[in-house]
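Engineer: Structure for this input, please:
(4 chains, ligands or ions: 4)
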Amino acid sequence: MRIKSYSEALRDALDQEMARDPRVIIMGEDVRPGVMGVTQGLYDTYGPTRVIDTPISETAFIGAAIGAAMTGLRPVVELMFCDFAGVCFDQILNQAAKLRYMTGGQISLPLVIRTTMGAGERAAAQHSQSLHHLFTAIPGLKIVVPATAEDAAGLLLTAIRDPDPVIFFENKMLYDSQMSVSDPAIALPFGKAHLLREGDDLTIVALSRMVGFARTACDELAQKGISADLIDPRTTQPLDEAAILGSLHKTGHLLVVDEGSARCGMAADIASLAASKGFHSLKAPVQMLTPPQTPIPFAPELEDAWLPSSGDIEKAAYTLLQKV
Amino acid sequence: MRIKSYSEALRDALDQEMARDPRVIIMGEDVRPGVMGVTQGLYDTYGPTRVIDTPISETAFIGAAIGAAMTGLRPVVELMFCDFAGVCFDQILNQAAKLRYMTGGQISLPLVIRTTMGAGERAAAQHSQSLHHLFTAIPGLKIVVPATAEDAAGLLLTAIRDPDPVIFFENKMLYDSQMSVSDPAIALPFGKAHLLREGDDLTIVALSRMVGFARTACDELAQKGISADLIDPRTTQPLDEAAILGSLHKTGHLLVVDEGSARCGMAADIASLAASKGFHSLKAPVQMLTPPQTPIPFAPELEDAWLPSSGDIEKAAYTLLQKV
Amino acid sequence: MQLPRDTLLRLWRTMVRIRAFEERLILENRKGGIAGHLHLYIGQEAIATGVCAHLADEDAITSTHRGHGHALAKGCDATGMMAEIFGRATGSCAGKGGSMHIADPKRGHLGANGIVGANAPLALGAALSAKTLGTHGVSVAFIGDGASNQGAVFESMNMAAAMALPVLFVIEQNGYGEYTRTDAVTGTADLAARAASFGMPAQQIDGTDIFAVYDATQSAIHHARTGLGPTTLVATAPRFGGHYEGDNQAYRSASDMQKARDQQDCLALYRNRILEAGLLEARDLDAIVHAAHSDMEQAARQARADAPPAPAALLTDIYAKAL
Amino acid sequence: MQLPRDTLLRLWRTMVRIRAFEERLILENRKGGIAGHLHLYIGQEAIATGVCAHLADEDAITSTHRGHGHALAKGCDATGMMAEIFGRATGSCAGKGGSMHIADPKRGHLGANGIVGANAPLALGAALSAKTLGTHGVSVAFIGDGASNQGAVFESMNMAAAMALPVLFVIEQNGYGEYTRTDAVTGTADLAARAASFGMPAQQIDGTDIFAVYDATQSAIHHARTGLGPTTLVATAPRFGGHYEGDNQAYRSASDMQKARDQQDCLALYRNRILEAGLLEARDLDAIVHAAHSDMEQAARQARADAPPAPAALLTDIYAKAL
Ligand SMILES: Cc1ncc(C[n+]2csc(CCOP(=O)(O)OP(=O)(O)O)c2C)c(N)n1
Ligand SMILES: Cc1ncc(C[n+]2csc(CCOP(=O)(O)OP(=O)(O)O)c2C)c(N)n1
Ligand SMILES: [Mg+2]
Ligand SMILES: [Mg+2]
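Structural biologist: Ligands and ions are numbered 1, 2, ... in the order given. Modelled structure (predicted):
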């Protein structure tokens, strides 16, 4: 174990896989200097054929990564901000996600698109979104939303070794968060939720940065004598339905916390799971805590109000239980 | 009233608004000849300044429509298939949807993007998708999914007169469906659901082409002594929550039928509404009927199996009620 | 024209098989039983044939909605393709792709594409693999003239040039994108100059002249294989039919359509030239035509007889392993 | 150089105000209290100034992440901009947009943009409105050299040329896209020739020479207003600072940075030239510098004093009317 930041853990995991498998290459804008931090230094080790700076042409280089994945490489491509998925969405929606199926299974796509999500940087509406739900809605993709450095590293190993296209959402507000992590990283399975707290009164499902906030909220709730299961699904596709339903069966109360869209987002998705397969466990309305359905405002006061906080989570849990 | 197809009703509504308001222009690929049917003949009436054939450059022409909407025109732009939204997604996600908010309300965007959705044409995975949920998840857009010729015409008038960007999803499998419609068309409000059948046993919420299938299913169910409220929200943003919750309060049972994604889609979205605000009305698990979470297969046998049918709806309703 | 006899026969055979495959499709489509649209390549056969003649299985192509010709020229099996178009379990994509999504990675065919222009970046990727893995492979993206106005294509041209990737962009200039004349929506008439401005050699060629296509491709592929980077070829050839089979082409003059068939038929042009030059005998050529038609008839008969995919196929191939 | 005195003063004033605005931002940022990144325009002032000198409020611009200069040159209010960058309710976008999203449609500023290249299509739309409504307006899209490799830009160039829209594409060639040299990821060194290949006049100009920018723009705007369609200008000028304020520019040589300041400072070049030619007096120029600095100091003081948006602002301006 070693103390590392989320960002360092990711970098080391990349390094680990590049050392292990010569087919792994990295592509993206400014990946040599490593503007986003994670790829820093890899160019020095692996050189220009494996660490490739691209033009500011996301369609071309993500498409190229898809083509490369079809033909023997295992590209890990960096899309600086998930907000930029708009300019290359076709390559993800209609190419990467569908090629295996459309070709009757002839094509394998060992591709990872690393990207960042998350508000809080005062980067405004076009650089702060959390769009994991848009990709979870596309069959053929796997979606990873790690909340901790350990998970980030372990899931990145799995993503790189996976034969299917993976969209890997790093929360940029977590990059500097430190913890003691396995060294070298240990691969973690997809579709296996992480139970961070155990309790009886309610189930809190949280994603990405909201997991940490929820952990804080759980500690506060514990002070008030309320105990919660805190579940981080870690991957939204595949989703560990059993973990969520199992916990719900025990607690009867569900709070979902997500930084993505309130409409057609992961909170709704998980709430719908409870309403269908978990209905008989439910003792109270499902609570969904998400930002309001607006673009992300620039002014710090507004952005802070926009993003769910640990206090909001605590309050939502409390309201939920009062409602019984 | 006159008998018209869904496609004719749309064309006539376009004609009606173009005649009424000289700022309304039409843009898109092959809109002069009217490859998709709806814009046929409008070029003869309105000429090259108001009916504009574009290059096969969706980013450029949808972006141009956004820019034109900011500066005094009211563009109605055709995106042949909603599947093609991938190549111009940024202009919708980060430009059209956010410009009013990011500029503190300085910019108005009276823009309509007409597009097609729907499986059944044996057009395979890249020409058959129903992606209304992806847009419903984006704050700042309004989303219309008309199920009948009357609704298509009435909602298109409203869309064109609306000061916000509207994504208007025409189900291409409905283009030839005929009915008696108001002539001239009468504007229909956004956010107002259509109650097509009234009943006590369950609430069926269906969208787009699934509405007609659900109507057939309701007739069959009626034969078996089961009566249902059949609700077509007509717009997914704004969503007529009151109509759905009101009906659910009466019936206690909810079946949602949608052709979009099973994950993070409209079925989940409406189910989550029931699980939160409608929980105390619910007497049984919410049923969601969607296609399986796969790309859309080409082979007719597979495509037919993929798409929910009226028989599937009937069965789902029956199962739902048995479960009580 | 100094090509060896077997090359001449091979080129003819490929062109003829593409024509026969699609003429068979027209017949079968009239009989009924083919679902969805067919975008036919008839008139443009010399392009796919002349280009793919230089490619081995290790070389990759990415193709378009009008892709039957590319697939056959790249060596895909006509029987599997026919079955695919009929939506059969025996189809090259197990019936899941259809006419617009034929692929055969073993032959280096990475797939036709329903999103115009989207195949260009994919071809870059294959070229990148070839370069990185040192296979000496090249890749070819076929692109319609209408599709050449897509951002994906422009971005790919720049990136290929910047990285000196072994790619060939083949723009098939048939004058139309669906019902619209490409020149009406394109700022320049010179697509080759436009491509060249991205930093690569580019050339306009007569796409009805297979020798022109063959020669230009040879140079381009040599250029690519020797590490000098991409090339664009803009090959002009008419679409005989409409955008899709059944399109009545109200937007197109009768004389334009007639001229295509009478004066711009790449097969007739080839045949005349070869016979005039005395390079092959008429009966050799005719035998190939005959064989092709009977092969395609047989492929269609087989496809009609084959079974559709089993219902369980709906849920396979979404991921490598079911989740 | 045969410009009237008041034009010379106006150009100087605009350049100086842009410089003063951003120098003030650097100071204020060091003091703390400015959230988010600042992408500074220092070094490129002559481009925005020379271009926008020809534009009226009816003419539109669309801008980039590095957009303060464009906004000021287009006549946006410095106080409102400063307040916006401080995230105040009094900001030009009510504090909702920030540095990267400044807009002022009344002045014809349709918005800076955080998605590089995405502003190009928007400018086409304004040009289309001008053409359709017969206002004789033109529009300008400012585009970074890195951003010029985006599909959105290429598609827009083609569409503008095909439709002869009154648009000017101004590519600001500062040599970098973030930390990467643009030439390392671009297939051609000649961005003007690349633009020209789309079917429009295009010209490379010295973006540190405001007279060159002014003259080239004058012709381009005339061309556009007379219905002849788009033009591209590729204007070269160095970024003095990093990609964003605080970037230590480890990727850039000290001499490159020094050269920018010592030899390529468009303000110093202008001042020297004007004084040498005896067109204006040093004290006139200096007074403007003085006034600009005190204006900007005042704007910053005001911005610091202004209130942030009220919490209710979170939920307004999503739609014209709340749903
Ligand atoms: C991104 C995208 N936009 C639009 C279409 C619809 N479409 C299919 S084929 C076609 C015309 C293509 O013209 P061209 O590239 O010249 O190819 P051709 O049909 O002439 O072979 C269009 C517009 C599409 N498939 N993809
Ligand atoms: C579509 C998109 N891709 C990537 C980015 C991240 N990004 C912001 S600025 C920038 C560099 C832009 O370079 P250039 O266009 O030359 O403008 P400059 O910063 O030099 O003014 C990049 C890559 C972005 N904002 N949008
Ligand atoms: Mg064409
Ligand atoms: Mg630059």
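Engineer: Tell me which residue lies nearest the centroid of chain C.
Structural biologist: Residue closest to the average C-alpha location in chain C (CA atoms, centre = their mean): residue C:70, at 2.6 Å.
Engineer: following the helix or strand where it lies, which helix or strand comes up?
Structural biologist: Using DSSP states H and E, residue C:70 sits in helix C:68-73. Next helix or strand after helix C:68-73 toward the C-terminus (DSSP H and E): helix C:78-85.
Engineer: so what secondary structure elements neighbour that following helix?
Structural biologist: helix C:5-31, helix C:68-73, helix C:282-305 (3 or more CB pairs under 8 Å, 6 or more residues apart in numbering or on different chains; DSSP states H and E). Backbone N, C-alpha and C define where each C-beta goes, glycine included.
Engineer: how far off helix C:78-85 does the last one point, in degrees?
Structural biologist: The one in question is helix C:282-305. Helix C:282-305 runs at 40 degrees relative to helix C:78-85, counting by axes from the mean of the first three to the mean of the last three CA atoms, to 10 degrees.
Engineer: mean confidence for helix C:282-305?
Structural biologist: Averaging pLDDT along helix C:282-305 yields 98.
Engineer: repeat for stretch C:9-16
Structural biologist: For stretch C:9-16, the per-residue pLDDT averages 98.
Engineer: what's the answer for stretch A:53-68, then?
Structural biologist: 98.
Engineer: ok, for the residue nearest to the centre of chain C, nearest residue in space, not its chain neighbours?
Structural biologist: The spatial neighbour of residue C:70 that comes closest, neighbours along the chain excluded (CB to CB, 6 or more residues apart in numbering or on different chains), is residue C:63 at 4.1 Å.
Engineer: The one you found: neighbour count?
Structural biologist: 29 (other CB atoms under 10 Å in any protein chain shown).
Engineer: Kindly report the same for residue C:151.
Structural biologist: As a burial measure, residue C:151 scores 30 neighbours (other CB under 10 Å).
Engineer: and what of residue C:282?
Structural biologist: 10.
Engineer: Contacts only, for it.
Structural biologist: By CB atoms under 8 Å, 6 or more residues apart in numbering or on different chains, the residues touching residue C:282 are residue C:275.
Engineer: What distance do you get for it to residue A:47?
Structural biologist: 59 Å (CB to CB, to the nearest Å).
Engineer: Next: residue C:54.
Structural biologist: In terms of CB to CB, residue C:54 sits 31 Å off from residue A:47.
Engineer: ok, these two, which is more surrounded?
Structural biologist: Comparing residue C:54 with residue A:47 by other CB under 10 Å, the one with more neighbours is residue C:54, at 19 against 10.
Engineer: Distance check, the more buried one against ligand 4.
Structural biologist: Separation of residue C:54 from ligand 4 (CB to the ion, to the nearest Å): 39 Å.
Engineer: Would you map the helices across the stretch 51-200 of chain A?
Structural biologist: Under the criterion DSSP state H, counting those that start in this stretch, the stretch 51-200 of chain A carries helices at the ranges A:58-70, A:89-90, A:99-102, A:132-136, A:149-161.
Engineer: Could you list every helix and strand in contact with the shortest one?
Structural biologist: Applying 3+ CB pairs under 8 Å, 6+ apart, we find helix A:89-90 packed against helix B:89-90.
Engineer: what does the stretch 151-300 of chain C put close to chain A?
Structural biologist: Proximity of the stretch 151-300 of chain C to chain A (CB under 8 Å from any CB of the partner chain) is limited to residues C:151-152, C:155-156, C:158-159, C:162-163.
Engineer: Can you redo those as a markdown table, where the extra columns are secondary structure?
Structural biologist: Formatted as a markdown table, these follow (DSSP: H, G, I helix; E, B strand; the rest coil):
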| residue | secondary structure |
| --- | --- |
| C:151 | helix |
| C:152 | helix |
| C:155 | helix |
| C:156 | helix |
| C:158 | helix |
| C:159 | helix |
| C:162 | helix |
| C:163 | helix |
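Engineer: can you list the helices and strands packed on helix C:78-85 in a markdown table and add distance to residue D:100?
Structural biologist: Conversion of the helices and strands packed on helix C:78-85 to a markdown table gives the following (distance: least, CB to CB, whole Å):
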| stretch | distance to residue D:100 |
| --- | --- |
| helix C:5-31 | 52 |
| helix C:68-73 | 44 |
| helix C:282-305 | 56 |
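Engineer: before we move on, the earlier item: determine which of the helices of the stretch 51-200 of chain A approaches ligand 1 most closely.
Structural biologist: Of all those, helix A:89-90 sits nearest to ligand 1, with 7.1 Å by CB to the nearest ligand atom.
Engineer: what pLDDT, on average, does the closest one get?
Structural biologist: Averaged across helix A:89-90, pLDDT comes to 98.
Engineer: just stretch C:170-177 next, same as before
Structural biologist: 98.
Engineer: so how far is it from its chain's centroid?
Structural biologist: The chain centroid and the centroid of stretch C:170-177 are separated by 12 Å under CA atoms, centre = their mean, to the nearest Å.
Engineer: close to ligand 3, is it?
Structural biologist: Yes: judged by CB under 5 Å from the ion, stretch C:170-177 comes into contact with ligand 3 through C:174, C:176.
Engineer: Show me the contact partners of that stretch.
Structural biologist: Under the contact criterion CB under 8 Å, 6+ apart, stretch C:170-177 has outside partners B:29-30, B:56, C:43-44, C:47, C:51, C:64, C:66, C:116, C:140-148, C:181-183, C:185, C:191, C:195, C:207, C:232-239, C:243, C:252.
Engineer: for stretch C:316-323, same thing?
Structural biologist: A:100-101, A:103-105, A:108, A:139-140, A:142, A:162-164, A:191, A:237-238, B:293-295, C:94, C:96, C:315.
Engineer: Now with 10 Å, please.
Structural biologist: Residues from elsewhere that reach stretch C:316-323 (CB atoms under 10 Å, 6 or more residues apart in numbering or on different chains): A:97-110, A:139-142, A:162-165, A:190-191, A:235, A:237-239, B:292-295, B:297, C:93-94, C:96, C:309-310, C:315.
Engineer: swap in stretch C:5-16?
Structural biologist: C:1, C:3-4, C:45-50, C:52-53, C:69, C:72-75, C:210-211, C:213-214, C:266-267, C:270-271, C:274, C:277, C:279-280, C:284-293.
Engineer: Filter the residues you listed down to the buried ones.
Structural biologist: Among these, the ones that count as buried by 16 or more other CB atoms under 10 Å in any protein chain shown are C:3, C:45-50, C:52-53, C:69, C:72-75, C:210-211, C:213-214, C:266-267, C:270-271, C:274, C:279-280, C:285, C:288-289, C:292-293.
Engineer: gap between the nearest residue to residue A:108 once chain neighbours are set aside and ligand 4?
Structural biologist: Nearest non-adjacent residue to residue A:108, counting by CB to CB, 6+ apart: residue A:163, 4.9 Å away. In this structure, residue A:163 and ligand 4 are 38 Å apart, going by CB to the ion.
Engineer: tally of neighbours for residue A:163?
Structural biologist: Neighbourhood size, residue A:163 [other CB under 10 Å]: 15.
Engineer: So it sits against residue A:110, correct?
Structural biologist: Yes: with contact defined as CB atoms under 10 Å, residue A:163 counts as touching residue A:110 (5.1 Å).
Engineer: Give me the common contacts of the two.
Structural biologist: A:69, A:74, C:320.
Engineer: So which of these wins on neighbours?
Structural biologist: For those, the largest neighbour count, defined by other CB under 10 Å, is 29 neighbours, found at residue A:69.
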